[in-house]
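>>> Below are the sequence and a predicted model; questions follow.
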Number of protein chains: 4
Amino acid sequence: MTHRIAILGASGYTGAELVRLISGHPNMSIVALSGQRKAGMAMAEVFPHLRHLDLPVLCRIEDIDFSQVDLCFCALPHKTSQAVIRDLPKGLKIVDLSADFRLREAEAYKRWYGNDHIAMELQAEAVYGLTEFYRDEIRAARLVAGTGCNAATGQFAIRPLISAGVIGLEDIILDMKCAVSGAGRSLKESLLHTELSEGYHAYALGSSHRHIGEFDQEFSALAGRPVRVQFTPHLLPVNRGILCTAYVSGDAAEIHQTLTSAYVGEPFVQVLPFGTAPSTHDVRGSNFVHIGVAGDRIDGRAIVVAVLDNLTKGSSGQALQNANLMLGEDETTALMMAPLFP
Amino acid sequence: MTHRIAILGASGYTGAELVRLISGHPNMSIVALSGQRKAGMAMAEVFPHLRHLDLPVLCRIEDIDFSQVDLCFCALPHKTSQAVIRDLPKGLKIVDLSADFRLREAEAYKRWYGNDHIAMELQAEAVYGLTEFYRDEIRAARLVAGTGCNAATGQFAIRPLISAGVIGLEDIILDMKCAVSGAGRSLKESLLHTELSEGYHAYALGSSHRHIGEFDQEFSALAGRPVRVQFTPHLLPVNRGILCTAYVSGDAAEIHQTLTSAYVGEPFVQVLPFGTAPSTHDVRGSNFVHIGVAGDRIDGRAIVVAVLDNLTKGSSGQALQNANLMLGEDETTALMMAPLFP
Amino acid sequence: MTHRIAILGASGYTGAELVRLISGHPNMSIVALSGQRKAGMAMAEVFPHLRHLDLPVLCRIEDIDFSQVDLCFCALPHKTSQAVIRDLPKGLKIVDLSADFRLREAEAYKRWYGNDHIAMELQAEAVYGLTEFYRDEIRAARLVAGTGCNAATGQFAIRPLISAGVIGLEDIILDMKCAVSGAGRSLKESLLHTELSEGYHAYALGSSHRHIGEFDQEFSALAGRPVRVQFTPHLLPVNRGILCTAYVSGDAAEIHQTLTSAYVGEPFVQVLPFGTAPSTHDVRGSNFVHIGVAGDRIDGRAIVVAVLDNLTKGSSGQALQNANLMLGEDETTALMMAPLFP
Amino acid sequence: MTHRIAILGASGYTGAELVRLISGHPNMSIVALSGQRKAGMAMAEVFPHLRHLDLPVLCRIEDIDFSQVDLCFCALPHKTSQAVIRDLPKGLKIVDLSADFRLREAEAYKRWYGNDHIAMELQAEAVYGLTEFYRDEIRAARLVAGTGCNAATGQFAIRPLISAGVIGLEDIILDMKCAVSGAGRSLKESLLHTELSEGYHAYALGSSHRHIGEFDQEFSALAGRPVRVQFTPHLLPVNRGILCTAYVSGDAAEIHQTLTSAYVGEPFVQVLPFGTAPSTHDVRGSNFVHIGVAGDRIDGRAIVVAVLDNLTKGSSGQALQNANLMLGEDETTALMMAPLFP
C-alpha cells in the first residue's frame, strides 16, 4: 500500500530534504507540494538537484485536496505553522517540523517565541518527536512535533544520563556548533557566503537561544525537578552537521556505560569506544548520531560529544522516521543510507 | 540471488564510495575488502562514516579466497592494478577503476603513464566502461575498465556531437574544473586543506594531463580520424564535483537537439533546457549527469557544460552501474539516490 | 600633506576594502563615509573588522561637505553612480568603482546595462582605470573609471599580445573563474552560503556577461579593428580571487616573451617562468597579478592564465593605485602588502 | 638603523607569516632563511605568494653566519628547537615560536611533551612571550618563548579575571575552536582537504592537549595556588582563526568591566560592548584580539569569548611584536594592518 504524502513548505531546505529521502521510500508517494511564494513553479526550477524526480508542481496550501492525503509534513516557519495546522482536517496525520508544537506550556511558548499560541488545543495531542524516547507515543499519534536540531543533538548526549541519575544537574554545559543550513533558506545578510565562509562566531550568548525551551521542558520532566543548562550555539561555515560538546559532572566510565546501554539496539545511534571523538563528517547526509565520551583529567568531570546531520536526523530524517511509525512502516525505511564522505 | 563482492583498495575514497553505494544494493553482499597497508583494521577505523555497516575486516589481497567471489572491484593505483588483475582467476568478473585498461594501445599507455604495460593480453578483452556508450559490450564483458573522471565528463558533453557530425573537430576545447577528491587519499603537501581551501589554480597546462589519452582514443574512434582536443584541468576547493566547459564550433540549437536526442531514455543523463547552466551542487553524491548548452554571441560557436560527481558517476557509481549490467541486475539498482543539497 | 578622502558606498565590500587599504596610507585621511541605508551607524557595527580604526560615522551623501574633500571614491551601484557623480562639484577628483564610466559609447552602455546613460558629458573626460595601460592619462585625470574585475583579469592576460600582434584575433576564449565577493553584499538567495559552498557553476553562458563590453572596447581599440572574444564566467565558492584561463592561437614562447617584456618594471604584475600555473592563493588580499603561459601539444595553440584578487587589484586596490597617481603620490603607496597565505 | 633578521624554519606557515609581516617593517631586513629539507630553493618556489619580495635563498642552519644577525626567529618544531638554540651564539637575540621554552619546570615539559629537555639552562633566561602581560621582561630579554596559539587565546580571556579575583577558580571551562593552519604544513592524512572541509570534530578529549601545560603554569602563578581548567580543542575547516568560549562563574558585568579596564590602551586588544559576540572573520590576517562577554540566564555564570588569528597574534604576529620590543622599536610597527574581510 502506498501512502499519499503532502509536504507544506517544500521550497525550503527541510522540504527539499524530505523529498530527497522520500524519493527512496518504496511505500510513499508525494501527491502535493506547497510553496506559497513559488506556487506554480516546478520543483526542478526551485531545486534543480531534484529534477530527475517526477514531482507535483508547487501549489498553494489552499489548493491541496487533503482528503487525498494520508500524511502531511509541515515544513513551515513557526507561527505560520500553527495557523495552517489548526485549519487542516482533524483526522489528517501530521508531522510538523516547526517549533510550534514542541513546548507543552503556552507560557513557555510565549516566553521563547514572543507571540501567543493560537492553537493550544492541538498542543494537547501533540507528541514530542524525539523518536528514540517517544517511540510508542509517536506510533499512536496524529500530530507529532519535530524537535529543534540543537535540541535533538543535546538530548541525545544527555537524556539517558539524567534518567540514570549519573550526572549532576546543576552544571550541565552544552557548547553547540551548528551548520549554516540550520538557518534555512532565508535572505539575511549574515547568511551570505562572503559573511560566513572562512570564519565562525558564537551567537545568542547567555543561553538565550530558543531551543533552550526544549531542554528545560525535557530535562526537567526527566529529572522530576527543574533543570536548567547553559547553552551556547556557534555558527560554522559548513552546510550540514551539528556537534554538541557537553561538559558534565559524573564518572566518565559510568556515563559511557549508561549511554551504551541506553542505545543498544537503536538503529541510528552509535556510541563510540570510550575516548573516541566523533566527527560531523561521519554522519553527513545520513540519519545517524555518533556519540563519544571521555573523562577529564579533573576527577568527576566528563565530556560527552554528540554529532548528527541537522537537516537529516536533526529535522527531515527524524520527521520521516516518525512518519514511518505513524503509518505502520518499519521505522528505518528509506533512512539507512550511508553518510556521504568525503 | 546475492552476488558476492570483493573490493580491492577499500581504504581509498573510491573504495569507500563503493561500500556506500553497495550498502544500499539488495542483491550484493561484500565478502572481502583489501587494504595492504591497513590490513587487519576494521573499516570503522579507516572510515568511521561506515561504522553502522557490518563489513569484513580489511585484509591483504593474497588472503582473499576468490573462488567465493562473484565480482571484484579493483580500486588500486594504476600499475599496481595490472599486476594484481593479471594474477586473479581468469573467470572472475572484474571492474577496474584504475587507468590500466582504458587505453587499447600499449604505446598510448606508455606515453601517458610512463611505464610498460605488463598485462596487455588482458587489455584485449577489456571493455571501456562508459556505460551509456558501451552498454552491450559491458553486459557481456568479464573485465571492464572504468574511465577517468575528467574523461567521463568531457565525453558526456562531446561524444554525441562527434557521432552526429554537428561540431568541428579541429577546435574542441575542454576547460575542466575538478574537485579535490579526484586526487585520492594521498599524502601530498599540495592536497592539504591549508594549501587548497579559499583558492584555485590550473595544472597540467598545455594538454598534458593523462586523461587526454582517453579523449584521443575515444574521439578519434568516433570520428574515424584523429581528433585532438585542448584540455586544461583546474583544482577547486570542494570535495566532489567536476564541471566541463566545452567550447565548440557548430550550431547551438542543433547541438542541444543532438544531445537531447542522444540521451532520451537514459536514466542518469539530464539535458537541461537550452541556455540553462548546470551546477555541481545539483549532482553531489549522485550518479546523475547534467548537461547545458548555449549559443555564443559569435555565430557558429557554442558552449556545452557538463557536470557530475567525480566519485560517483565519475568513478564508483559508474563502476557499480557496470557491475549491475555484468551481473544481470537492473542497471540502476542502488544508484537512483537523489543528490545531497545543500 | 594629507589628502582628504571620501568614500561613497562604504557599507559594501569594495568600500570596506578601500578603508582597509587606506588605513595603511601615510598621506590619506578618511573624512567622510556614506551609506544611505546605514547612515548613522558606526563602521564598527557595519564592519566589525574595522573597529580598531577611528572612522567617521556613516552619513548620507547629501550630508558631506565636498569642499573639504580632495578625492572621492565612489563605490556605488552602476546607474546610481552616474546620478551621484553628475551632481558632485566639478573640480573634485573622483575614482568611480562602478560600471558607469567604463564604456565610451552611449550605445554600448545601453546595450550592456539596459538603461540610458544620464551623464555622458562626464564620460568624455573619464579615463579607463587599468593603471598599467593608462598611467599617464590617469595621472592627469579628474575622473577615473575603475574596470570590471573580470575585465581587468582578462586584459592583463591579453592586451600586450594584441598590441604586439602575436596572437590571432578570431578565436580568443576567456574562461573565467570568479570568487563570490565579486557579487557584492547583495541579498540574493543565490549568494547564500548554503547555495554556494561545496559546488560551482557557470553563468551568463554565451558571452552575455556585461564585462564583455569592456573587452570589446579595449581589444578593438588596441587592434584597430573589431575584436570579439568568447567569455564564460563561473562562480566559485571562495571569497576572493579571479582566475582567467585564456585560449589563444600563437607561438607560446613568443607569447611568454611578449608578456614578460610588457610587464618589466611593473611593480604589481609578475610573469611566472614558462609553463608555471599561477594560483589565486598567491595573490589573496594583495594588489598583485600573476600570469603563467604554456604551449599546448597542438602547434600554434597556447594557454595564458592570469590571477588576481578581485576586491584588491580587481577593484579597490586598483582604485587606490589610480588615486595615488591622481594625487601625486607614489603609485605603490599602501599597496605593497604581501598576500595572505594560507 | 636596520635590524638584520634570520628566520629558522622558513618553509613552514609561521615562517612564511613572519616574512609577510616583516616585509612591511621599515627597520628590519631579512638576511637569512633556513629550511633544512628545502635548502637551496628560492622562497618563490616554496611560497609563491612571496615571489614579489627579494629574499635570501633557503639555506641550512649551519650555513648562516650569525655574527651578521641581530635577531633570530626560530620557527622549528619543538625538541629540534631546543637543540638548535642551545648551539646559537650566546649573545644573539632569539624569539622562539616552538613549545620548547614555554614551560619553566623540566618536569612539566616532560609530562606534556614526552621527552627530556636538553637545554634547561636556557629556560632560566627565557621570558614567556604573551606580550601584553610580560612587556617589561620581554623588552629586556635575550630569549623569548612564543606562546601556544590556543594558550594565548584562552589567556586573553581569563588572565585579568584571575588577577582581579572576579571568577571562581574551580570550574573554568575553555571550549576552543581552532583553524587548520595551527597544525602546520605537516603531511598527515587527517589534514587533507578532503578529510577536513565541510565538517569538524573535537580532539584531545579530556583536557589532554599540550597547551594545557601553559594554562596550568600561568593561571596558577597568577592565582598563587594551583588552577586547573578544562580545555577541549576542536578542529574547524577554515585556515585561520581561533575562538575560545570560556564558561566561568562570576558576575558578568564585573567581568566585562575588569576586562575593559585591563586592556585600556592596549593597541591590539578590543573588548566589545557587553553582550556582543566576536567573530574570527573580524581578525583574520591581523594582530588583533576581540573579546566579548555576556551573562548567562543562570545567576553567577558568565561567558567570555575571545578570538584571534592563530598565525598572526597567536604566533608570528606575537613574535614580531616581541621582537619590536627587544630591538627598541615601537611595539606596533608593521603590525597595525587591518584584518582581511571578506
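Received the coordinates, thanks. None of these values were measured; they are calculated from a predicted model.

>>> Could you list the paired strands of the helix or strand encompassing A:H234 along with their orientation?
Counting by DSSP states H and E, the element that carries A:H234 is strand A:230-236. In the sheet containing strand A:230-236, the strands it pairs with under DSSP bridges are strand A:173-179 (parallel), strand A:201-202 (antiparallel).

>>> which stretches of the stretch 1-150 of chain A form strands?
A:3-8, A:28-34, A:58-59, A:71-74, A:93-96, A:127-128, A:143-145 (DSSP state E, counting those that start in this stretch).

>>> so can I have JSON lines of those showing mean pLDDT and distance to C:R228?
For glycine as for every other residue, the C-beta is placed from the backbone atoms N, C-alpha and C. Formatted as JSON lines, the strands of the stretch 1-150 of chain A follow (pLDDT from 0 to 100; distance: least, C-beta to C-beta, whole Å):
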{"stretch": "strand A:3-8", "mean pLDDT": "98", "distance to C:R228": "48"}
{"stretch": "strand A:28-34", "mean pLDDT": "98", "distance to C:R228": "44"}
{"stretch": "strand A:58-59", "mean pLDDT": "98", "distance to C:R228": "41"}
{"stretch": "strand A:71-74", "mean pLDDT": "98", "distance to C:R228": "52"}
{"stretch": "strand A:93-96", "mean pLDDT": "98", "distance to C:R228": "56"}
{"stretch": "strand A:127-128", "mean pLDDT": "98", "distance to C:R228": "64"}
{"stretch": "strand A:143-145", "mean pLDDT": "98", "distance to C:R228": "60"}
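
>>> wait, which of those strands is closest to chain C?
The closest of the strands of the stretch 1-150 of chain A to chain C is strand A:58-59. By C-beta to the nearest C-beta, the value is 15.2 Å.

>>> wait, does that closest one contact chain C?
No - residues of strand A:58-59 contacting chain C under C-beta under 8 Å from any C-beta of the partner chain: none, with a closest distance of 15.2 Å.

>>> chain center to that strand, what's the gap?
Its chain's C-alpha centre and that of strand A:58-59 lie 25 Å apart, by C-alpha atoms, centre = their mean, to the nearest Å.

>>> Sheet partners, orientation included, of it?
Note on strand A:58-59: by DSSP bridges, its sheet partners are strand A:28-34 (parallel).

>>> still on that earlier bit, is it possible to get TSV of the strands of the stretch 1-150 of chain A that adds mean neighbour count and distance to D:D65?
Formatted as TSV, those follow (neighbours: other C-beta atoms under 10 Å in any protein chain shown; distance: least, C-beta to C-beta, whole Å):
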stretch	mean neighbour count	distance to D:D65
strand A:3-8	24	74
strand A:28-34	22	75
strand A:58-59	21	74
strand A:71-74	26	74
strand A:93-96	25	75
strand A:127-128	22	73
strand A:143-145	27	74
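
>>> of all the ones you listed, which lies closest to B:E125?
Nearest of the strands of the stretch 1-150 of chain A to B:E125, taken as C-beta to C-beta: strand A:28-34 at 44.1 Å.

>>> contact partners of the closest one?
Residues from elsewhere that reach strand A:28-34, judged by C-beta atoms under 8 Å, 6 or more residues apart in numbering or on different chains: A:2-10, A:15, A:19, A:22, A:43, A:55-61, A:63-65, A:68-69, A:323, A:334.

>>> if we can go back for a sec, okay, the strands paired with strand A:230-236, which one's buried deepest?
Of all the strands paired with strand A:230-236, strand A:173-179 carries the top mean neighbour count, a mean of 26, counting by mean count of other C-beta atoms under 10 Å in any protein chain shown.

>>> Name the residues of the stretch 51-200 of chain A found near chain B, please.
Looking at chain B, the residues of the stretch 51-200 of chain A close enough under C-beta under 8 Å from any C-beta are A:51-53, A:181, A:197-198.

>>> Ranking by neighbours, what's the top pick from these?
A:S181 (27 neighbours; other C-beta atoms under 10 Å in any protein chain shown).

>>> who touches that residue in this structure?
Counting by C-beta under 8 Å, 6+ apart, the residues that A:S181 touches are A:13, A:239-240, A:310-311, B:342, C:194.

>>> repeat for A:E17
Contacts of A:E17 (C-beta under 8 Å, 6+ apart): A:311-312, A:315-317.

>>> so where do the helices sit in chain A?
Ranges of helices in chain A, per DSSP state H, are A:13-22, A:43-46, A:80-86, A:106-113, A:120-123, A:131-139, A:149-164, A:193-196, A:212-223, A:252-262, A:317-326.

>>> Output these in a markdown table, with mean pLDDT and distance to D:K90 appended to each entry.
Compiled in a markdown table, those are given as follows (pLDDT from 0 to 100; distance: least, C-beta to C-beta, whole Å):
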| stretch | mean pLDDT | distance to D:K90 |
| --- | --- | --- |
| helix A:13-22 | 98 | 63 |
| helix A:43-46 | 96 | 71 |
| helix A:80-86 | 97 | 74 |
| helix A:106-113 | 94 | 65 |
| helix A:120-123 | 94 | 77 |
| helix A:131-139 | 98 | 66 |
| helix A:149-164 | 98 | 54 |
| helix A:193-196 | 97 | 50 |
| helix A:212-223 | 97 | 59 |
| helix A:252-262 | 98 | 48 |
| helix A:317-326 | 98 | 65 |
